[in-house]
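>>> Have a look; sequence and predicted model below, questions after that.
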Amino acid sequence: MRRLLQLGKTRQRTPSASEQPTFFTVRLYGSHSTKKRSPPPTQHGPTRGAGRRHDGGRSGVCPPQDGGLQITSMETGKNTEDHLKAHKMKKKILRKQSLVIANAGLGNGMSRHQLHRIVDNYGVVETLLMPPNKPYSFVQYESTEEAKKAFDALNGKEVTLEDFDQNIVLYCNFVGKVFWKNSVPTSLPPDLKVIEDIISPEEERKMLESIDWRGDENTQTAQKTLKHRRVKHFGYEFRYDNNDVDKDNPLPGGLPEICIPFLEKCLKQGYIKHKPDQLTVNQYEPGQGIPPHIDTHSAFEDEIISLSLGSEIVMDFKHPDGHTVAVMLPRRSLLVMTGESRYLWTHGITPRKYDVIQASELGQKVGTITADVRDLTLKRRETRTSFTFRKVRRSSCNCIYPSVCDSQKGQQRQAEPSFPHNEMEASELEQQYVHKVYEEIATHFSSTRHSPWPRVVEFLRSLPEGSIVADVGCGNGKYLGINRDLYMVGCDRSKNLVDICGEKDCQAFVCDALSVPIRSGSCDACISIAVIHHFSTAERRLAAIRELARLLKPGGTALIYVWAMEQEYKNQKSKYLKEKHGSKDKEEESSTGTSQRLLDDQKHDRSSQGSACSDRLLDDSEDKGCAAKPVADSRLPVHTNRTSFHSQDMLVPWHLKGGIKKKGAVVDEASLAGCKESQELSPVFHRYYHVFREGELEAACRSLDCVRILKNYYDQGNWCVVLEKL
């Protein structure tokens, strides 16, 4: 039986030099005060960037007396000398003329304005730090004498919190040093936009007046009084019991007439592509909110827009991996959610009476709330009314986030292939979920493959002039022309990818990676980049490595890259995980379509889920704790892109965009652009992956007696080895 070549590398770029995360340790020291202390404050657990609500009673925390608070930092991978330098260069310091004041923090209802008025009475305040969600603050005076004066006056002093009419007791302590790091603004979730001043104050007034909240529940507008807010529906009623709409039972009257000019404006300015036919109006009083949620995929189309009237609000967005972003929605602004922000991230409003916001930009600033302790304060909420417009979906959702898509979950249960249990099943799985897929997506795939990975380039440029090199699984041939002093030849299982190599004047041919038609011992070097993780059993993965060794001359070397299970390694996230929250490199910024494809594909080349630690023949791998357990029904799960891996074998979605399919079979993009069902016409393909645990690739290589490992390393979410033929 003709063997199959496992190809189609989804290559990711290696990391830029450095940016190691900094971790902070807080250490209190000194004897405790004998003063009577108040109980700790009630905590309401707000999300990142938001304050806690104060609910009455004397609340607070008393710090140690006659001591200090020191926040020190430890930087991963730095020695002591570098650590000290980092303190001097990156951190700012509060010295002994500083105080920590407990019960005077954003977390228990103290605003920056009120605290500044209090501490300003005792001297010149140079710095006032208010950490988010904490019941304490730090104040630095111009002199030690002023700090002592403030300590004597404020320690044990009872004050009344503004707007709460609650008395609290302040407790103070001197601080030796406080280090803090300047905060970097957080990026908005991908595909999220906020447009300021989309309507005028007069238009806002008219829209608010058009909503009549008087009376009881109304059938025509499906008015509801919910636990946390009041709601009206127009066009179609959204049913909270099943999180769906009755598409065959529209409400009488349609959308309010006053909304039509606004929607036409949004269409004209390109904020939306389809005219909405459903409207939900929510009214939030201070202290009310809405739980985190994703609007049902099958109920509504991609675009969801929400108009904020009456007051600004902080909305919390959360990625499945736990990353949260607090976004300020100014009054009269329009929130536009599409793509990832609409389909993958939850959004919600934490029920509280105050929001933590930037003090320097009170009221009207679009963007995320940065945890800058020098510039945070509380902003009291007011009554806010939101107009949220959607387009009812008439067909199933075919998005690239199947793990959170209600349309695709049922389909997955029927279509998910099982983990192979023999050679025939493995071959059939790879044929269906690797080879056929790359033939279909070759042109699109190649359009996302531009930047060679630096350490692969380094390997190729280190080879002697005139070396014969085989790129087994060459894809679109992006490594074949790196070093003109080498004689390089590529091979790939995909004919369409090999044709693309030919268009670049690169030497490549179609073959199987398990049976390469090159004479044994004829190559000085080989590379296999993001290929072997497409083989579905340990035996076939080992056979692919053995085939590379066969091609090498004695003393020849091979470089192998495979996708790693560990996308966070030594306290650092891979670029695959980092890129999901913001920074996109220049290549990704070249076009909207390309950037999405790159991000989607990088996820693919490092994603996977499920095998029961299938490398049973590699006893050495057990030393590394291959702890994945078999899935009960052995079905391969579909991975959610841009998230960490939870098991080793899986299917990774490839969303074919812009009509790019096989060479010579391009769908008319213009016809898709104006079609309501354009999203449904873009097919989603699924590729099989096995991600490698730490030590697994080395164990496979050590099981061969014809090679030795010269080097092994981790490179931005990939496990890598350099082999030498003995």
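Cool, the structure landed. Numbering: from 1, shown residues only.

>>> host element of Ile500?
helix 495-503 (DSSP states H and E).

>>> ok, now Lys193?
strand 192-195.

>>> Quick check: buried residues in the following helix or strand past that strand?
Counting by DSSP H and E, the next helix or strand C-terminal to strand 192-195 is helix 201-209. Residues of helix 201-209 classed as buried: 203-204, 207 (neighbour count, 16 or more other C-beta atoms under 10 Å). (C-beta placed from N, C-alpha, C; glycine too.)

>>> Which strands and helices lie in contact with helix 201-209?
For helix 201-209, the packing partners by 3 or more C-beta pairs under 8 Å, 6 or more residues apart in numbering; DSSP states H and E come out as strand 300-309.

>>> Quickly run through the sheet partners of the strand it packs on, with directions.
strand 334-337 (antiparallel), strand 384-392 (antiparallel) (DSSP bridges).

>>> Just the C-alpha atoms of the last one, please, in PDB.
Taking only C-alpha atoms (Å, rounded to 0.1, in the frame of the first residue of the first chain), the coordinates of strand 384-392 have been written out as PDB:
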ATOM      1  CA  ARG A 384     -27.600  53.600  31.300                       C
ATOM      2  CA  THR A 385     -29.800  52.400  28.500                       C
ATOM      3  CA  SER A 386     -28.400  50.200  25.700                       C
ATOM      4  CA  PHE A 387     -29.800  49.600  22.200                       C
ATOM      5  CA  THR A 388     -28.400  46.300  20.900                       C
ATOM      6  CA  PHE A 389     -29.100  45.500  17.300                       C
ATOM      7  CA  ARG A 390     -28.700  42.100  15.700                       C
ATOM      8  CA  LYS A 391     -29.500  40.300  12.400                       C
ATOM      9  CA  VAL A 392     -31.400  37.100  12.900                       C
END
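
>>> Could you list the residues in contact with it?
207-208, 211, 235-236, 245, 247, 259, 263, 272, 274-284, 295, 299-301, 303-313 (C-beta atoms under 8 Å, 6 or more residues apart in numbering).

>>> Distance to Pro402 and mean pLDDT for the strands paired with strand 300-309 - can I get that in TSV?
Shown next, in TSV, are the strands paired with strand 300-309 (distance: least, C-beta to C-beta, whole Å; pLDDT from 0 to 100):
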stretch	distance to Pro402	mean pLDDT
strand 334-337	19	96
strand 384-392	21	95
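
>>> so which of the ones you listed comes closest to Val456?
Closest approach to Val456 among those (C-beta to C-beta): strand 334-337, 37.9 Å.

>>> Show residues contacting that closest one.
191-195, 198, 266, 271-272, 303-308, 315, 329, 347.

>>> which among those end up buried?
Buried among the contacts of strand 334-337 (16+ other C-beta under 10 Å): 191-192, 194-195, 198, 266, 271-272, 303-308, 315, 329, 347.

>>> Wait, Asp406 touches Thr296, no?
Yes. Contact criterion C-beta atoms under 8 Å: Asp406 and Thr296 qualify, at 6.2 Å.

>>> Who has more neighbours out of those two?
Thr296 (19 against 15; other C-beta atoms under 10 Å).

>>> Below-threshold pLDDT in this protein: ranges please.
1-96, 163-164, 179-185, 215-228, 360-372, 410-416, 578-634, 657-682 (pLDDT under 70).

>>> ok, longest strand in it?
strand 552-563 (DSSP state E).

>>> partners of the very next helix or strand once past that strand in the sheet?
With elements assigned by DSSP H and E, the helix or strand that comes after strand 552-563 is strand 568-569. Strand pairing for strand 568-569, using DSSP bridges, gives strand 572-573 (antiparallel).

>>> and the very next helix or strand once past the strand it pairs with, C-alpha only, in CSV?
Downstream of strand 572-573, the next assigned helix or strand under DSSP H and E is helix 575-578. Provided in CSV are the C-alpha atoms of helix 575-578 (Å, rounded to 0.1, in the frame of the first residue of the first chain):
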residue,chain,number,x,y,z
LYS,A,575,3.8,33.8,20.7
TYR,A,576,0.9,31.7,19.7
LEU,A,577,-0.8,32.5,23.0
LYS,A,578,0.5,36.1,23.2
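
>>> picking that back up, only C-alpha atoms, please: export the longest strand of the chain in PDB.
What follows is strand 552-563, C-alpha atoms only, in PDB (Å, rounded to 0.1, in the frame of the first residue of the first chain):
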ATOM      1  CA  LEU A 552      21.700  11.300   5.700                       C
ATOM      2  CA  LYS A 553      25.400  10.600   5.200                       C
ATOM      3  CA  PRO A 554      27.400   9.500   8.200                       C
ATOM      4  CA  GLY A 555      28.000  12.800  10.100                       C
ATOM      5  CA  GLY A 556      25.000  14.500   8.400                       C
ATOM      6  CA  THR A 557      22.600  16.400  10.500                       C
ATOM      7  CA  ALA A 558      18.800  16.800  10.600                       C
ATOM      8  CA  LEU A 559      16.700  19.600  12.200                       C
ATOM      9  CA  ILE A 560      13.200  18.600  13.300                       C
ATOM     10  CA  TYR A 561      10.400  20.900  14.600                       C
ATOM     11  CA  VAL A 562       7.100  19.700  16.100                       C
ATOM     12  CA  TRP A 563       4.300  21.500  17.800                       C
END
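
>>> What strands line up against that strand, and which way round?
When DSSP bridges is applied, strand 552-563 pairs with strand 523-529 (parallel), strand 718-725 (antiparallel).
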